[in-house]
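> All I have is the shape, not the residue letters:
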């Protein structure tokens with residue numbers, strides 16, 4: 001009789017427990033779809049813009065500037081005349097050496113005639129030929145001196161400020177102006193030694209400056225210093241810009257170094273992660289129930305994080321309400337995002 005009573009009581013308890021479980025209210029949650037996107041692993045640096053080539057234009061003679069044929073900031077082509085010095089002395093010297101050379105050549109011709117007539121010794125002809133050769137060298141020197149009265153652009157570029165004016169005297173070696181070859185421009189910056197293993201020539205960079213809003217440029221690393229700076233434990237790096245745009249030599253810039261691109265990375269919002277003992281888990285929603293899935297995090301990007309595990313693009317992951325959830329618990333979606 002007692003066994004029958006216990007059996008009946010157990011049946012009632014089991015029935016009550018089952019009904020309570022079956023009728024447990026669904027937990028309200030907000031979920032979004034996991035998305036696949038290209039993630040970029042980057043490192044930031046700061047540096048300065050430099051011209052591709054910066055050449056000081058210097059005087060090669062000591063004289064008065066007779067003509068200034070350019071202005072500050074002018075664009076010039078290779079070979080353009082920038083300045084002319086007073087060339088009166090150089091022209092006179094050239095004329096004098098030419099006459100002297102002709103006279104020496106005439107003497108050589110006369111000596112050869114006299115040699116055939118045996119009127120002079122052969123040694124005198126040799127001396128005359130040597131004098132003619134030296135006179136020719138003097139002509140060439142005078143021609144070089146005359147060329148130096150014209151100062152020409154050594155390459156295409158943009159001039160900096162002119163340091164002299166019409167009528168000024170310039171000494172040999174004095175800087176008259178500077179020419180900047182603007183393309184391709186370079187960004188020069190330092191990176192810490194911890195990035196050494198991840199850096200390579202040809203790597204992409206993005207370059208911008210607060211002084212030129214909206215003027216963002218792509219470029220590639222062209223040089224990585226083989227030696228570290230002992231004091232800073234950093235490497236000097238150079239990158240060339242595709243187009244100079246509004247960038248100018250000396251401009252302070254920010255640089256983003258593209259270390260790695262991850263295509264089709266599955267990402268979810270950061271708030272979907274649930275901390276557990278061994279890392280993180282995520283609740284997904286399928287057929288009205290929550291499923292707890294362990295995940296490994298990859299690259300973090302703003303408010304999103306790459307997840308590695310049994311999560312695919314399009315899966316619904318819970319971003320609000322997961323604290324109250326347990327595995328296989330019924331859920332009710334009260335908000336959903338991630339649709340395109």
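Cool, got the structure. No experiment lies behind these values; they were computed from the predicted model shown.

> thought residue 272 was touching residue 282?
Yes. Residue 272 is in contact with residue 282 according to C-beta atoms under 8 Å; the separation is 5.4 Å. Where C-beta positions appear, they are placed from N, C-alpha and C, glycine not excepted.

> Please say which of these two ends up with more neighbours.
Set residue 272 next to residue 282 and count neighbours by other C-beta atoms under 10 Å: residue 272 wins out with 27 against 23.

> so what's that one up against?
For residue 272, the contact set (C-beta atoms under 8 Å, 6 or more residues apart in numbering) comprises 32, 282, 283, 317, 318, 319, 322.

> Then residue 189 would be within a strand, right?
Yes. Remark: residue 189 belongs to a strand, assigned using DSSP: H, G, I helix; E, B strand; the rest coil.

> That one and residue 235: what is the separation?
From residue 189 across to residue 235, the span is 9 Å (C-beta to C-beta, to the nearest Å).

> which residues are common contacts for residue 272 and residue 282?
In contact with both residue 272 and residue 282: 317, 318, using C-beta under 8 Å, 6+ apart.

> rewinding a little: same drill for residue 189 and residue 235, tell me which one is more crowded.
When residue 189 and residue 235 are compared for neighbours, residue 189 comes out ahead with 22 against 19, by other C-beta under 10 Å.

> show me where the stretch 201-340 of the chain has helices.
Applying DSSP state H, counting those that start in this stretch to the stretch 201-340 of the chain gives no helices.

> how about low-confidence regions in it?
For the stretch 201-340 of the chain, applying pLDDT under 70 flags the ranges 337-340.

> Walking through it, point out its strands one by one.
Counting by DSSP state E, counting those that start in this stretch, the segments of the stretch 201-340 of the chain that form strands are 204-208, 217-224, 234-241, 252-269, 274-276, 279-286, 289-301, 304-309, 316-320, 331-337.

> Pop the domain breakdown of the chain in here.
24-39+263-337, 43-53+181-262, 61-86+149-180, 88-141 (automatic domain parsing).

> Output the longest helix belonging to the protein.
Ranked by residue count under DSSP state H, the longest helix found in the chain is helix 88-116.

> Packing partners of that one?
Judged by 3 or more C-beta pairs under 8 Å, 6 or more residues apart in numbering; DSSP states H and E, helix 88-116 is in contact with helix 122-147.

> Any buried residues in the helix it packs on, and which?
125, 128, 129, 131, 132, 135, 136, 138, 139, 142, 145, 146 (16 or more other C-beta atoms under 10 Å).

> Grab the most central residue of this structure for me.
Residue closest to the mean C-alpha point of the chain, counted by C-alpha atoms, centre = their mean, is residue 239 at 3.1 Å.

> partner residues bridging that one?
residue 187, residue 221 (DSSP bridges).

> same deal with residue 29?
On the basis of DSSP bridges, residue 29 is bridged to residue 333.

> Could you tell me how many residues sit around it?
Using other C-beta under 10 Å, residue 29 is surrounded by 24 other residues.

> repeat for residue 113
Number of residues near residue 113 (other C-beta under 10 Å) recorded here: 10.

> residues in contact with it?
Contacts for residue 113 (C-beta under 8 Å, 6+ apart) come out as none.

> do you know how far it is from residue 133?
Applying C-beta to C-beta, the value for residue 113 to residue 133 is 20 Å.

> Same check on residue 307?
Distance, residue 307 to residue 133, by C-beta to C-beta: 85 Å.

> Residue 48 too?
53 Å.

> returning to what we had before: among the strands of the stretch 201-340 of the chain, which is nearest residue 182?
strand 234-241 (10.0 Å; C-beta to C-beta).

> the inter-axis angle of the closest one versus strand 204-208?
For strand 234-241 against strand 204-208, the angle by axes from the mean of the first three to the mean of the last three C-alpha atoms, to 10 degrees is 80 degrees.

> what packs against strand 234-241?
For strand 234-241, the packing partners by 3+ C-beta pairs under 8 Å, 6+ apart come out as strand 186-192, strand 204-208, strand 217-224.
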